[in-house]
Each structure stands twice: as structure tokens, then as C-alpha cells.
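> sequence unknown, structure follows:
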């Protein structure tokens, strides 16, 4: 009998002894007067046990059978489900094994089987909370995670995330290298799918920001830093009209950092269950399984329903903007050099002022090369490499045919005395 049952029994006995009215007893028990009269009748028949619920001590009709409990524990004990938490384990039991078991029930089963240990929540350092942006597309957070995504089954992969700050809508891609080209490919996909966001929020990695140069020969002086040109991604964002915002700490871009924490738990285990071993299979699982689940369960509605994404203008040539752009000077013979190769500008593309001018050279993501001058693209032809001419070895000086020491002059040369210069000048002949 619980304390609540004892308190109820005390009130019923007072009503039974006419110490209080049934109306007052109903108020204390928070039931109707009619129900109080039924409880008094039951008290007279069954005594003190009348306040105990009739199902007390009986097994629940919804209790799992012993076979189902053993089957669930046997499945979760497999190596492929190592490290699964109760929530994720419950989802996989329902989706792959057709076992509909609640999350808390799975938690109890896993703790009883030693597959899960309850952890107390620790109070972490508190950072100032920043509210979400109000509209979708107003700001997107962009970052890359280095992790053992395939758990040694395949090559080392990096995961690039672009997550909308207002809705948590996710765009992601696995790559083998965290390079400018791979980040530009994901940016291209984002722009074609959603349009141009107002801003991107990233860290201060060298992909997004070129470090300023300071004078080392004048320490201690307040010397202005030399402004460096933007990176390739920074230039591309400027040409697209997208603002770039730098985060000063990982906590500042906590939304994308937390998305990586979720991916490093759920995505890694999903790739393990699916047996993924290659980059192509990892991206296929990401597109078909993980991203649909994320955008269905973790996306929230923005405070403002207006979409802040802007469409691409006709003048936005993504192939030209999302490329490695450099400047080269045209020689007098209308040629230019790029990465060790010499290229000839065709006669039809020659314009006034082209000789000696600077041109824009675009190394595009598909490997092709494009050169533009004053907004027009020029036709190029790669010059055939000239075979290097073998250098002739230097000629050695000819040796004397006769040894000087064997001649009379040579034998007497060591015995000759030096003559002063003034005597030699006055000597006759």
C-alpha cells in the first residue's frame, strides 16, 4: 500500500464514522460524491484493501514476452550494433527487424544486458545563446569534419556540412580531401538546389581567409597589417554577392558542430550496418538514407516563412565563378604560360591592347582552361613543347706538347733573379 492509498483510507474512514460529510471527503479526494459512496460500500465489503487498485501486482497486458526480449537482446549484442544508444537501437529494431519496442523499454533491456550504461548529465560551460535567424536562407553555417567515418573499412573521408541557421536543413557530401575544389563542388550543388543565401558562417580556415601579413622586423610597434588578396572561395562568394562571416570560436558556430556530433554517432553506425566501404557508397547512403531522415525529423519551421534565398542571375556562370582564377600577362607573341605549359592565343581572338595585358585564367573544376580578356573569352591552343637542346660540354684547354722543364730555358728559370720594375723599363731593347 502506497502513501497515497493510506491517505485515501484515512479520509474514507472519517466519512464512514460520520466525522466529515461525503461532500467534504469528495473535495479532499478530488472525486465526485457518487464515487465516494461507491468507495464506502467497497470499504465495508473488502476492508482496508479496498483502496488498493485491483490490477496491483498483476503483470501488464502490454508486457513483452520473454521470447521477444531475448530476441531483441540477441540482435543488439551483435558487433554491427556496437555503441548504439537506446533511441537509435529502437529505430533499427522497428525498421530492420520489425520489433516495435519503445525507447525506454529498449533502454531497460540494454542496461540489464550490460549493453548500455546510464550517464549522468554534466553541467558544461555555458555560452551565450544566440537566437536562430528568422528566415530560411538568411545564413548557412559551413564546416568540415575529419573523422573515421568508415571505421577502417575504406579510405579516409571528410564530411562537409552546410546547415541552414533558421531551419537546420542540411546539405552534405563525403570527400577524400578537404580541398578548395571539393568545397566548391558542394557549393555548386547548394546553389543549384536552393539559390544564393544571404551569408555563409564559417571558421577562419585557410580555405576561406588569407592570413594578414605583419612586419616581423619591427616587433612591438603598431604596424598596420598588409591586406592579402582573398582566397578562391572568398573571391567566388564576392562574385556571387554572398557575405562571408567568420566565427571566432567553435562555440559560435555550435549548430554545425552539433550536427557533426549527431552524424558521428548515427551516420557512422548506419554506414556500418549498411556495410559501406567506398566513397561512392558513402555518398549514396548519405543522399538516400541519412539526409532524408535528418530533414524529416530535425528540421524546424522558421519564424518567418519568407525564403531569403536569391535565384541565380543569368550573369552568374557557376563554371567560371567556381574555378581557380589567376592572372597572367600576355607576351609579345600572344602567348602565356600557366602551370609550366605555354598556350597560344588564336588569331581570331586577338584584340587591340592584348599584347602585354593581364588576362583572367580560369582552371575549372572539370579540368578545362579558360582565358578571358575584358569580359570575352579567348580561344587557346597549347603549344607543343620544344625539346630541350643538349648542352655541349665545355672544351678543356689543350695541353702543351713539350714539357717546359725539359727545355734549357725551363731548367734555368728557377735560378734567374728578379729585376726591379724601374730597371726593366730602362733596359735597352
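Noted; the coordinates are in hand. Everything quoted here is computed from the prediction, not taken from an experiment.

> residues making contact with the helix or strand harbouring residue 106?
Following DSSP states H and E, one finds residue 106 within helix 103-112. Residues outside helix 103-112 that contact it (C-beta atoms under 8 Å, 6 or more residues apart in numbering) are 64, 69, 72-73, 76, 86-87, 89-90, 93, 101, 116-118. Placement of C-beta: from N, CA and C, glycine included.

> please redo it, this time with the cut-off set to 7 Å
For helix 103-112, the surrounding residues in contact (C-beta atoms under 7 Å, 6 or more residues apart in numbering) are 64, 69, 72, 73, 76, 86, 87, 89, 90, 93, 116, 118.

> tell me how the chain divides into domains.
Per the record, the chain has its domains at 3-51, 66-112, 135-210+228-307, 323-382, by automatic domain parsing.

> so which of the ones you listed is the most surrounded?
The highest mean neighbour count among the domains of the chain, using mean count of other C-beta atoms under 10 Å, belongs to domain 135-210+228-307: a mean of 17.

> show the pLDDT at residue 262.
Here, the pLDDT recorded for residue 262 equals 94.

> got a list of what it touches?
Per C-beta under 7 Å, 6+ apart, neighbours of residue 262: none.

> what is the mean pLDDT for the helix holding residue 106?
Across helix 103-112, pLDDT averages out at 89.

> contacting residues around the next helix or strand after that helix?
Under the assignment DSSP H and E, the closest C-terminal helix or strand after helix 103-112 is strand 135-136. Residues from elsewhere that reach strand 135-136 (C-beta under 7 Å, 6+ apart): 164, 166, 167, 302, 304, 306, 307, 308.

> next, the distance between the ends of stretch 327-337.
Terminal residues of stretch 327-337 are spaced 10 Å apart (C-alpha to C-alpha, to the nearest Å).

> now, which of the contacts of strand 135-136 sits nearest residue 201?
Proximity of those to residue 201 (C-beta to C-beta) peaks at residue 164, which lies at 10.6 Å.

> quick one on the thing from earlier: so which of the contacts of helix 103-112 sits lowest on pLDDT?
Across the contacts of helix 103-112, the smallest pLDDT goes to residue 118, namely 77.

> now do the contacts for it.
Applying C-beta under 7 Å, 6+ apart to residue 118 gives the contacts residue 111.

> and residue 260, how close does it get to residue 249?
15 Å (C-beta to C-beta, to the nearest Å).

> list the helices and strands the strand or helix carrying residue 89 packs on?
According to DSSP H and E, residue 89 maps onto helix 86-96. Secondary-structure packing of helix 86-96 (3 or more C-beta pairs under 7 Å, 6 or more residues apart in numbering; DSSP states H and E): helix 66-76, helix 103-112.

> partners of the host helix or strand of residue 361, with directions?
In this assignment (DSSP H and E), residue 361 forms part of strand 358-363. Sheet pairing here is set by DSSP bridges, and for strand 358-363 it gives strand 324-329 (antiparallel), strand 369-373 (antiparallel).

> now that strand, how far from the centre of its chain.
Here the centre of strand 358-363 is set off from its chain's centre by 30 Å, with C-alpha atoms, centre = their mean, to the nearest Å.

> and the contacts of it?
Here strand 358-363 has contacts from 320, 323-330, 336, 338, 369-373, using C-beta under 7 Å, 6+ apart.

> repeat that for stretch 150-161.
With C-beta under 7 Å, 6+ apart as the test, stretch 150-161 has contacts from 143-147, 149, 170, 172-176, 178, 183, 186, 256, 259-260, 263, 268, 271-272, 276-279, 282.

> mark which of those are part of strands, please.
Among those, DSSP state E puts 143, 144, 145, 146, 170, 172, 173, 174, 175 in strands.

> please report the distance of the third one from residue 268.
Using C-beta to C-beta, one obtains 11 Å as the distance from residue 145 to residue 268.

> for the first one, same thing?
Applying C-beta to C-beta, the value for residue 143 to residue 268 is 17 Å.
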